[in-house]
Structures are given as structure tokens and as C-alpha cells.
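Visitor: I'll drop the sequence and a predicted model, then ask my questions.
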Amino acid sequence: MRPAHHRQACAVMALVAALVIPYGASASDARNLYRAVEMKGDSTCSTFVAARDEGRRGDNRRVNEYADWMAGYLTANSVFVPDTYDILGSSDMNAVLLWLENYCKQNPLNTFAAAAEAVTAALYPKRTRNSPKQ
């Protein structure tokens, strides 16, 4: 698959995931301010930390919802941010979830969307800028 088609396929997959997983609505305005598409219910950092704890006890339902949402967020970032092939760079989802957990433990009242924005900012300098040579 050519890189442009691959990026389009990733965008389509992220869109399908967003439609399948139950989320709220989003909006933006002329000043480029936006409201992130969030999971239904309480999606603060403290609920993410609680979901991670539930996952450690064998109930992965809620933590998987957060991980799926985050995967879509990161994919959209890779698709739409210029000069970015893969926002993860040499990182992986497990490292991202651990980073988010540490951030959220220190900022329990922040929204999960704010945590996602923070981890993306941290990942950005080490992102993969170009497709690997095949």
C-alpha cells in the first residue's frame, strides 16, 4: 500500500472506531478553540487511573476504552499534523498509557483529553517525521 493510501486507510479506521465506540460530540470555533471528543461519562484523569487499577485486577473494559480512544487520537495526530509520519516515534502504546497514568496521578482533576494533549506534546519532538524506507 502506498504511503498516501496507508494514511487514508488509518484515518478511515480511526473514524470507524470513533463511530463504533460511544463518544460525545465535538465542536470548534473561529478562534481555533475546540472541545475534544470524549468518552461518555466522567473522563477525568482520576477515572483513567481508576480504570488502569481495574485493569490490573483483570477488568480491562474501561481501560481498553481509554486505550482505544487514545489510539484514535494518536492516529489522527499522525494523519493531520504536518511533518509527522508517526507521533509515537520509537515509543509504543504501553509507554503512552504509563505516561498518561503518571500524568493523571499528578493532575487528577484534568480531563483525559488534556492528558492526551500533554502526552502528544511530549511525544512530538521525538516523532517519526518520514516513512521508513522500504
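Guide: Sure, I can see it.

Visitor: now do the helix or strand hosting Thr120, average pLDDT.
Guide: Using DSSP states H and E, Thr120 maps to helix 112-123. For helix 112-123, the mean pLDDT works out to 95.

Visitor: which other helices and strands contact it?
Guide: In terms of contacts (3 or more CB pairs under 8 Å, 6 or more residues apart in numbering; DSSP states H and E), helix 112-123 is packed against helix 45-56, helix 61-80, helix 93-106. Any C-beta I mention is one placed from the backbone N, CA and C, and that applies to glycine too.

Visitor: what number of residues lie near the residue lying closest to Leu100 once chain neighbours are set aside?
Guide: Closest residue to Leu100 apart from its sequence neighbours, by CB to CB, 6 or more residues apart in numbering: Ala115 at 5.2 Å. Look at Ala115: counted by other CB atoms under 10 Å, it has 23 neighbours.

Visitor: got it, and Asp68?
Guide: Asp68, neighbours per other CB under 10 Å, totals 15.

Visitor: spatially nearest residue to Gly89 (excluding sequence neighbours)?
Guide: Using CB to CB, 6+ apart, the closest residue to Gly89 is Lys126 (4.2 Å).

Visitor: give me the neighbour count for that neighbour.
Guide: Neighbours of Lys126 (other CB under 10 Å): 11.

Visitor: enumerate every residue touching it.
Guide: Gly89, Ser90, Ser91 (CB atoms under 8 Å, 6 or more residues apart in numbering).
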